[in-house]
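**Student:** Return atomic coordinates for the entry below.
(chains A and B)
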Amino acid sequence: MSNATTMDGTPGGAHAAVQQAPLLEVNGLSVYFDTPRGAVRSVDDISFTLSRGRTLGVVGESGSGKSVTSKAIMGLLPRSGRRIEGSIVYDGKELTSYRDAEYRSLWGTDMAMVFQDPMTSLNPVMKIGRQITESLQLNLGMDRQTAKDSAIGLLSAVKIPAPEKRFNEYPGQLSGGMRQRVVIAVALACGPKLLFADEPTTALDVTVQAQILDLLAEQQRDRFMAMVLVTHDLGVVAGRADEIAVMYAGRIVERASTRSLFGRMKHPYTEALLKSIPKLSSASHTRLDAIGGSPPNLIDPPAGCAFAARCAYAQPRCVEERPPLVADPADPSHLYACFYPVDSAHAAGVRAEAAAHGELVNAHPGLEAFPQTPPPFDPSTMHGGTN
Amino acid sequence: MRTLATKAARLVVVILLLTMVSFLAQSLLPGDPAELIGFGADPEKIGEIRTELELDRPVPVRYLSWLTDFVTGDLGDYYRNKGGTPIEGVKTALPTSLLLMLYTQIAALAVAIPLGVLTAYRADSLFDKGANIAAFLALSVPGFVVAYLLKKYFALDNNVLPESGWVPLTENVGEHFKHAVLPVAALTLSQVAVYFRLLRSDMIATLQEDFITMARAKGLRPRRILFRHALRPSSLTLLTVAGLNVGTLISAAVLVEQIFKVPGMGFLLVEGVFSREYPATQSFIAIVGILFVLINYLVDFLYAVLDPRIRHA
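**Tutor:** Below is the predicted model of the structure:
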């Protein structure tokens, strides 16, 4: 049961060494949405590459642009009211100029997506089996019976008990975890090379979250897919991603291999995210080190570091100047955007002081004078960019 | 099975209430059939007529007497001789009305469904705006005006179609449909407007759903997404209104029936009301009411066919 057949018929691992050119190259990608109050820059100048067989974890809180990034690459954002800049190269093809009709040749067969909420992402009035077979028949030209056999194979590959019976059931007859397995089966049906998993476990019971994540990891390995795993939970990607990109206010603030990210954490936001995960080893009723404040307004983003207002280590420079994404001299593949990284002397000093007072680091942002809400309107500061 | 029985019992109650209220309403109408029949006669004679027609008995008694007749298949008699009995009238009028209703529903849905789907898909486009303006126009022009315009253009000016009358389906199929086109078109226009607007707004909501994005991400073509994925979950309101419209189309097509001289139930009903033919009119109302209730009963089952969530609830 555990070593289920792969749909594209390629045994996992066989081509581990064959393909090393990246499958996906994202360069300087920005996504803007028009709103009545001005353009929102949801994704701001992000870059990364991803090869087959690798998993990129994209981590950030709500509104950080992580879901928009994957939808933009997939070409699933609404056509009107949005603008995309930069480049998305998939398998040698530039996708930013692709129209729906061109994307359609990639959807399902080249790239697929596992959506966040299995309660709403399956058609409630269509049998589960049909939701899998239709793309097999339409994209791969299978006949009805072959498609049905493949679909039942897929359902058992995602470990759904009694797949022949489930084939004829409606989504409403399945539990959330089972539905998410169906969503995964639908996404895997046509053997995609690139899989986006957009918070695949957020809507699920904690008890089934690990099962679904393990299933995704297993399928990713078996099918030698590239996978983008979007989540707000660093714990989710810790054991399952090769590389992690931490996003804040539309930008990648830290990007490194999983080992390096957890080993030599640089960005205060990454540190704060990690601290906000409750630990089993802590005594009960230990106060959680939550991140104070909320993300900045993306219609008129701050000039400096977007995290400065909530950062325990922030200095005046952080407000005035935006820190560029730079490589760690010790490890050039570890990128971060911070003037006073977690392992700097300044940060260590702040932590020591907080500890001396018995306080949590993130409870009190470093710059008290720093307004968390926009300052009163001042015409002299008005600039052309906002309308 | 149990729910089926309870539903059936509820139907009987609904129909009984309907006949009671309509019987009462009719007897409250001003005007006395006896005076209409014995017009100009002396009061004594009119009193005799009244006794003969049992009009001097209390309303509940008359209702019960009508009801016992009705359930045994006796639709009553006309007070005045009209060269026919109510049951004969119904035998020709009912199939006519049913066909008129059926054709109108089919035509309206055949136009409204693609139109609603397309305008929802291209919401706020020029096509969508044009269709909406046309719908408001169609809704604001009364049906009888449309009927007269159609009649003038197609029948009187250009002589493409017969200007009035009705040929039963069993008599001549070609002529039957030729005669049906204009009344059906006149009735369809405003229905299309209502149906298309309903479907459009439900479709727009459905197209925002995650499962539609998922269908796109599967690489399905827009046509398939619209008609296979979005239409069914968007059609419940449309189905409800189409069911309720059945009553309107059977009985309230009076004006259109008059204009095109279609001998339908509306025709019979109006005639009955004007001449205060209580038992006959009462029977017509009951028949239309039973049809209406039965069809909406069927609609309840169709919900379950359309939406498995109702079936498995």
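
**Student:** Assign whichever residue of the stretch 201-313 of chain B sits closest to chain A to helix, strand or coil.
**Tutor:** Closest residue of the stretch 201-313 of chain B to chain A, Cβ to the nearest Cβ: residue B:219 (3.5 Å). (Each C-beta comes from the backbone N, C-alpha and C, glycine too.) Applying DSSP: H, G, I helix; E, B strand; the rest coil to residue B:219 yields a three-state assignment of coil.

**Student:** Now for chain A: which helix has the highest residue count?
**Tutor:** Identified as the longest helix of chain A according to DSSP state H is helix A:206-223.

**Student:** Would you mark the buried spots in that one?
**Tutor:** Of all the residues in helix A:206-223, those buried under the rule 16 or more other Cβ atoms under 10 Å in any protein chain shown are A:208-209, A:211-213, A:215-220, A:222-223.

**Student:** same thing with stretch B:138-155?
**Tutor:** Within stretch B:138-155, the residues that count as buried by 16+ other Cβ under 10 Å are B:138, B:143, B:146-147, B:150-151, B:154-155.

**Student:** So which of those are in strands?
**Tutor:** Counting by DSSP state E, no part of the buried residues of stretch B:138-155 is found in strands.

**Student:** if we can go back for a sec, what's downstream of the longest helix of chain A, the next helix or strand?
**Tutor:** strand A:226-231 (DSSP states H and E).

**Student:** is that following strand anywhere near chain B?
**Tutor:** No: applying Cβ under 8 Å from any Cβ of the partner chain, one finds strand A:226-231 out of contact with chain B, separated by at least 13.5 Å.

**Student:** one step back: going by distance to chain A, which of the buried residues of stretch B:138-155 wins?
**Tutor:** Nearest to chain A among the buried residues of stretch B:138-155: residue B:138, at 28.8 Å, using Cβ to the nearest Cβ.

**Student:** Enumerate every residue touching the closest one.
**Tutor:** Counting by Cβ atoms under 8 Å, 6 or more residues apart in numbering or on different chains, residue B:138 makes contact with B:146, B:189-190, B:192-193.

**Student:** Break chain A into its domains for me.
**Tutor:** A:20-110+A:192-263, A:124-187, A:301-372 (automatic domain parsing).

**Student:** Same list (those domains) but as TSV, adding distance to residue B:223.
**Tutor:** Shown next, in TSV, are the domains of chain A (distance: least, Cβ to Cβ, whole Å):
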stretch	distance to residue B:223
domain A:20-110+A:192-263	12
domain A:124-187	11
domain A:301-372	41
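
**Student:** These: lowest mean pLDDT?
**Tutor:** Mean pLDDT values for those show the minimum at domain A:301-372, a mean of 83.

**Student:** which secondary structure element contains the closest residue to residue B:74 other than its chain neighbours?
**Tutor:** Of all residues not flanking residue B:74 in the chain, residue B:87 sits nearest, at 7.8 Å (Cβ to Cβ, 6 or more residues apart in numbering or on different chains). For residue B:87, the host element (DSSP H and E) is helix B:86-121.

**Student:** any idea of the mean pLDDT in that helix?
**Tutor:** The model assigns helix B:86-121 a mean pLDDT of 92.

**Student:** Hmm, which of the buried residues of stretch B:138-155 is lowest in pLDDT?
**Tutor:** Among those, residue B:143 has the weakest pLDDT, 83.

**Student:** Tell me the residues of chain B that contact chain A?
**Tutor:** Close to chain A, as judged by Cβ under 8 Å from any Cβ, chain B has residues B:209-211, B:213-222, B:224, B:228-229, B:232-233, B:306-309, B:312.

**Student:** Okay, the residue positioned nearest the centre of chain A and residue A:150: tell me how far apart.
**Tutor:** By Cα atoms, centre = their mean, the mean C-alpha position of chain A lies nearest to residue A:230, the distance being 2.1 Å. According to Cβ to Cβ, to the nearest Å, residue A:230 stands 28 Å off from residue A:150.

**Student:** same question, residue A:56
**Tutor:** 28 Å.

**Student:** Of those two, which one has the most company?
**Tutor:** residue A:56 (24 against 21; other Cβ atoms under 10 Å in any protein chain shown).

**Student:** which residues does the more buried one contact?
**Tutor:** Here residue A:56 is in contact with A:48, A:50, A:226-229, A:241-245 (Cβ under 8 Å, 6+ apart).

**Student:** Run a quick check on residue B:245 versus residue B:190, I expect a contact.
**Tutor:** No: with contacts counted by Cβ atoms under 8 Å, residue B:245 stays clear of residue B:190, the gap being 10.1 Å.

**Student:** quick one: which of those two has more around it?
**Tutor:** Taking neighbours as other Cβ under 10 Å, residue B:245 and residue B:190 compare with residue B:245 leading, 21 against 18.
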